[in-house]
Structure formats: structure tokens, C-alpha cells
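K.L.:
Predicted model and sequence below, questions to follow.
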Amino acid sequence: MASNNDMTFLVFGATGYIGGAVAVHYKKKYPSASFVAYTRSAKNVPALEKAGFKPLLSSGDPAKDDDLIIAAVKAADVVLNIADSDDLHLTKTILAAFETHDRKNGLPILIHTSGTGVLPAQPYGSFGPSAEKVYDDNNVDDIKSLAISQPHREIDVAIFDASYKRNSINYIIAPSAIYAPAHDNPVNKISIQIPSLIRLAIKRRQAVYGGEGTNKWSYVHIADLADLYQIVLEKALVDRATGANSTTDPYERFYFGSVTEHTFGDVVKQLGPILHARGLVDTPETTGIPVEEAPIATVMNSRSVANRSFKDGWNPKAPTWQETLEADVEAVLEHDKAS
């Protein structure tokens, strides 16, 4: 069995915000490892190469890409699927490739990225009894209770089911709302939710939130999230070294990346004065708008607690979203200016 320093990583999503941050984190941790990064766009190749990744460029033909992906998966020790939490075809292709993996270095490892979007609860734009539930990753019944119709769920369940075959060591991480720029990323350095509110405010010349702005969502700093991926990988490597999963229930290998909660109304109220000081909006005051006019990911409730993550040693210590909001604004402006 090769040492952990000689591993081959196959990364789906290295050009993205989460995927880039995690891949860069792993590369620093395992400098002798080989990192192969799948990309659908040739324009991303130079950035990936500059970051020290070996690009695996899509052929542009889905059928040929399946063969390309299967071959790459079979050559990898660790597969990171951080590209699309809803790509069932890609997930099934990866899992199928594991069935004929040579396992010369032990069972292959899959770390898949889901998201706390699997937990959306109404009312949108506000908070009510239907959103009281807080899901706990250390409570297997909570994770098993989620309906197959929820976002990301069909993919998560496919991985849970495949885990019983023991062809691979599978872990799932579901990040919550992520904040703060990831400056070392090869391509995309900004998140989705807070940047979408920044752009909407600039467009409307006022910082706004959907509905009452009292809907609750858990959140996490991108650096703390990368630390969680490290903890989960180390756990998977122990599994590989012993030749078996540390738990018999795949649902016990599911982790939330959540630190604490915020409301998007609170985010916007902090954002207004920052944007006004830069002359990007006409007033520091904020207001609500119809839910359907706000970014969908900022009006839902999604509540989670990462007790399994904490139990396994995760210790979030990065700055709060309030402390990084100025940096988020600056990163969005830089990104959009360059686009």
C-alpha cells in the first residue's frame, strides 16, 4: 500500500469555490501527492496548472467523458466530488468505477459534497413553526428522515446505498451557507449567497432581503470548512488502513459543515452601511422585497448542527461573517470587474 504522501487525488470541482479551497488545502497537506482536476472548460487549464494540478479536460462528448472519468476514478486513491451536488449521472459513474477498481493501495475513498440545501423549510423569507426543526448530523434518524424529494437527496441516497457494497469508503459533507473569499483558489474565489445579496443591492441601489428577512440558515467560514474536509479525509484514511469502515451504518458517515445560525435580514442590515460607505447604494437603510424577487438561496430556512463534526475533532476558529463582510464585498467587486 502506498503511503498517504503518494496518493492520487481526482478532483471534480477544483475550479469552484468549495472545490478549489479544499483541493488547495489538501495539496498543502500532501505536497507529494498527485492531484488530477477534471474540467469541462479549456480556459481553466492554465489556472489549474499554475496551482499545481494536472488538468483532465472534458472531451465535450458525454459518452466519451464517461470512459475518461471511469479510467481516472480507477487510477485514483481519493475522489473528491465537489462539482455538483445534484449530478446523479456523475455520481453513478464514479460508484460504478469503484466496482472494478484494482484496490492495490486499499479501498478507494469518495468524499462527496452535498449541502444543507437538503433541509429547506418554509415559510420562505420568514421564520415559523415549520422551520423549528434543527437537524443534527450525529442523529442518524434525522439524516434518514429526509425525503427523497429534497434537493441533493437522491444523490446522497445513491452513495449511502452503494456503501453497503463495500467497494469504496464513502463520506458525505453537507456545507451550510459559506462565507469569506478563498483567495488561493485557482478560479472561483467567492461564494454564492452573500455575493448574490451584494450584487442585488448594487443593482437596486439599496441593500434588500426577501420577505421579512427572518428566515434562518446555518453558516461556516470557507477555511473552517476546509478543515472539516481534512478531518473527514483523515478518518477515511484510517478506514482504508484497517480495511474497513469505522462504522457499519453509512448514515454515520454524513457530516454537516455548520457553525451557528444567522438570518439573511441580519446579513443585509450589516451590508447596507458597508455598501453605502463605498457609494454603491443610495442609503444605509435596508428593506424587504417580495420573496420571489430575492435570490432563492437567501429566503429559505435551513437549520443544522454539526455535532458529529464537533465530536470528531472539528474546531471552527475562523473570523465571523460580520468580520469578513467587507472582504466579501471587495472580492465580489474584484471578481465582477474582471469578468
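P.N.:
Great, that's in hand.

K.L.:
Quick one: distance of whatever helix or strand His276 lives in to the chain centre.
P.N.:
Following DSSP states H and E, one finds His276 within helix 264-277. Remark: helix 264-277 is offset 25 Å from the chain centroid, using CA atoms, centre = their mean, to the nearest Å.

K.L.:
And the contacts of it?
P.N.:
Contacts with helix 264-277, where a contact means CB atoms under 8 Å, 6 or more residues apart in numbering, come from 193-194, 197-198, 201-202, 206-210, 212-215, 217, 281-286, 288, 298-299, 321-322, 325-326, 329. Every residue, glycine included, has its C-beta placed from N, CA and C.

K.L.:
Which of those residues fall within strands?
P.N.:
When the contacts of helix 264-277 are checked against strands (DSSP state E), the matches are 208-210, 217, 288.

K.L.:
Please, where are all the strands along the protein?
P.N.:
8-12, 34-39, 54-57, 78-81, 109-113, 135-136, 169-175, 177-179, 208-210, 216-221, 254-257, 260-263, 287-289, 304-305.

K.L.:
ok and the fifth one relative to strand 169-175, angle-wise?
P.N.:
Yep, that's strand 109-113 we're talking about. Here the directions of strand 109-113 and strand 169-175 differ by 20 degrees (axes from the mean of the first three to the mean of the last three CA atoms, to 10 degrees).

K.L.:
Adjacent strands (with direction) for strand 109-113?
P.N.:
Using DSSP bridges, strand 109-113 pairs in its sheet with strand 78-81 (parallel), strand 169-175 (parallel).

K.L.:
same check, this time on the third one
P.N.:
Using DSSP bridges, strand 54-57 pairs in its sheet with strand 34-39 (parallel).

K.L.:
What's the mean pLDDT across the partner strand?
P.N.:
What strand 34-39 shows for mean pLDDT is 98.

K.L.:
do stretch 190-203 as well
P.N.:
Mean pLDDT, computed over stretch 190-203, is 98.

K.L.:
what's the answer for stretch 48-59, then?
P.N.:
Here stretch 48-59 scores 97 as its mean pLDDT.

K.L.:
Go ahead and name everything in contact with it.
P.N.:
The list of residues contacting stretch 48-59 from outside it, by CB under 8 Å, 6+ apart, reads 10-11, 14-15, 23-24, 27, 34-42, 44-45, 65, 68, 72, 186-187.

K.L.:
how about a cut-off of 6 Å?
P.N.:
For stretch 48-59, contacts defined as CB atoms under 6 Å, 6 or more residues apart in numbering pick out 14, 27, 35-40, 45, 65, 72, 186.

K.L.:
same thing with stretch 205-218?
P.N.:
For stretch 205-218, using CB under 6 Å, 6+ apart, the contacting residues are 125-127, 176-177, 201, 258, 261, 263-265, 268, 271-272, 275, 281-283, 286-289, 291, 294, 298-299, 301-304.

K.L.:
before we move on, the earlier item: make JSON lines from the strands paired with strand 109-113 and add mean neighbour count to it.
P.N.:
JSON lines is the format used below for the strands paired with strand 109-113 (neighbours: other CB atoms under 10 Å):
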{"stretch": "strand 78-81", "mean neighbour count": "25"}
{"stretch": "strand 169-175", "mean neighbour count": "26"}
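
K.L.:
Make TSV out of those strands and add mean pLDDT and distance to Ala236.
P.N.:
Formatted as TSV, those follow (pLDDT from 0 to 100; distance: least, CB to CB, whole Å):
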stretch	mean pLDDT	distance to Ala236
strand 78-81	98	8
strand 169-175	98	5
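
K.L.:
Just send those back as CSV, with distance to Asp61 too.
P.N.:
Formatted as CSV, the strands paired with strand 109-113 follow (distance: least, CB to CB, whole Å):
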stretch, distance to Asp61
strand 78-81, 21
strand 169-175, 28
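
K.L.:
Asn167 versus Arg103, what's the distance?
P.N.:
Separation of Arg103 from Asn167 (CB to CB, to the nearest Å): 9 Å.

K.L.:
for the stretch 51-200 of the chain, what spans make up the helices?
P.N.:
Remark: helices assigned in the stretch 51-200 of the chain by DSSP state H, counting those that start in this stretch are 62-74, 88-99, 140-144, 153-163, 193-204.

K.L.:
Of all those, which one comes closest to Asp249?
P.N.:
helix 140-144 (6.3 Å; CB to CB).

K.L.:
Give me the below-cutoff pLDDT ranges for the stretch 1-150 of the chain.
P.N.:
Of all residues in the stretch 1-150 of the chain, those with pLDDT under 70 make up the ranges 1-3.

K.L.:
circling back to that earlier point, quick one: average confidence on the helix holding His276?
P.N.:
For helix 264-277, the mean per-residue pLDDT is 98.

K.L.:
for stretch 332-339, same thing?
P.N.:
In the prediction, stretch 332-339 has an average pLDDT of 93.

K.L.:
count of neighbours near Lys28?
P.N.:
12 (other CB atoms under 10 Å).

K.L.:
Gln322 versus that one, what's the distance?
P.N.:
Counting by CB to CB, the separation of Lys28 from Gln322 is 27 Å.

K.L.:
before we move on, what about Leu237?
P.N.:
Counting by CB to CB, the gap from Leu237 to Gln322 is 36 Å.

K.L.:
These two: which has the busier surroundings?
P.N.:
Neighbour totals were compared for Leu237 and Gln322, and Leu237 leads with 17 against 12 (other CB under 10 Å).
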